[in-house]
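Asks: Here is my input; please provide its structure:
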Amino acid sequence: MNDRSALSSRGGTAPRSALSVPAVEVTGVWKAFDSGRISVLEGADVTVAPGEMVALWGPSGSGKSTLLHLVGGLDRADRGEIRVLGQPLASEADRVRLRRRHLGFVFQLHNLIPDLTVAENCAVPALAAGRPAAETRARIDELTEAVGIAHRRGHRVQDLSGGERQRVAICRALMNKPDVILADEPTGSLDEETANKVFELIRDLVRREGAALLVATHERRFAEACDRILRVAKGRVLPL
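Replies: Predicted coordinates:
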């Protein structure tokens, strides 16, 4: 199977959650910066079902990353409402709780701690959530085996290649078995071959875990590998 056909294949497990509510629901969200002078999102609406993979596709600066940051509780909308698993992101306590228990993040530049080992970086979300040590070690073993870096568990992140670092970032994002994965241009800093492999890992592992995925990308081939594409342009989010 070539890279293109591999990326375009469908299938996987049923969603882990049997919730009747959307995994993510964004309703009429507006966001501006520089005291309102730079408008980024203008009435954005997005719904992601449990277990669904949705791509936010558009050029750099279109508002994709801003939308992911709002859904992840890393920033607040000026207007509108965002719900994750039916719960509004009303307070900082709500946002912290959802990030720890139900959300996983994969960033373009991985945001790992360079002086820590692979295993230590993977363990950070589990420590924040108060997971038992034995459970954490077993989960690290499972995930690092799944992404092909088990032999690098004891190595510091600063000694890894770019592709290996993103594999660690994927493990970290999945550490607490989140219901929703948010991926912000996860292949943007990688060469084409490595990017294809990393995106396939994200897609396949998210399917296996039964999580929902909301991924921002400017790469059409990656967007087409998802269940649905939403085009982000000039502050609007529209179905493609």
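
Asks: just checking, S65 touches A216?
Replies: Yes - counting by CB atoms under 8 Å, S65 does reach A216; the two are 5.9 Å apart. The C-beta positions use only the backbone N, C-alpha and C, and glycine is treated the same way.

Asks: list the residues that contact both of the two?
Replies: D184, E185 (CB atoms under 8 Å, 6 or more residues apart in numbering).

Asks: quick one: which of the two has more around it?
Replies: A216 (26 against 19; other CB atoms under 10 Å).

Asks: quick one: which helix or strand includes that one?
Replies: Using DSSP states H and E, A216 maps to strand 212-217.

Asks: Show me what the first helix or strand past that strand going along the chain packs onto, helices and strands only.
Replies: Using DSSP H and E, the helix or strand that follows strand 212-217 towards the C-terminus is helix 220-224. Judged by 3 or more CB pairs under 8 Å, 6 or more residues apart in numbering; DSSP states H and E, helix 220-224 is in contact with helix 3-8, strand 53-57.

Asks: Now do the shortest one: everything it contacts.
Replies: Applying CB under 8 Å, 6+ apart, the set of residues contacting strand 53-57 from outside is 46, 48, 64, 67-68, 203, 206-207, 212-218, 220, 222-232, 237, 240.

Asks: what about the helices in this structure?
Replies: Assigned by DSSP state H, the chain shows helices spanning 3-8, 64-71, 92-101, 118-129, 133-147, 162-174, 192-209, 220-224.

Asks: CSV for these, including distance to K31 and mean pLDDT?
Replies: What follows is the helices of the chain, written out as CSV (distance: least, CB to CB, whole Å; pLDDT from 0 to 100):
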stretch, distance to K31, mean pLDDT
helix 3-8, 31, 38
helix 64-71, 6, 95
helix 92-101, 15, 86
helix 118-129, 26, 94
helix 133-147, 33, 96
helix 162-174, 23, 94
helix 192-209, 26, 93
helix 220-224, 22, 95
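
Asks: Just the buried ones among the contacts of strand 53-57, please.
Replies: 46, 48, 64, 67-68, 203, 206-207, 212-218, 222-223, 225-226, 229-230, 232, 237 (16 or more other CB atoms under 10 Å).

Asks: Now do Q158: how many residues are near it, please.
Replies: Residues lying near Q158 (other CB under 10 Å) number 11.
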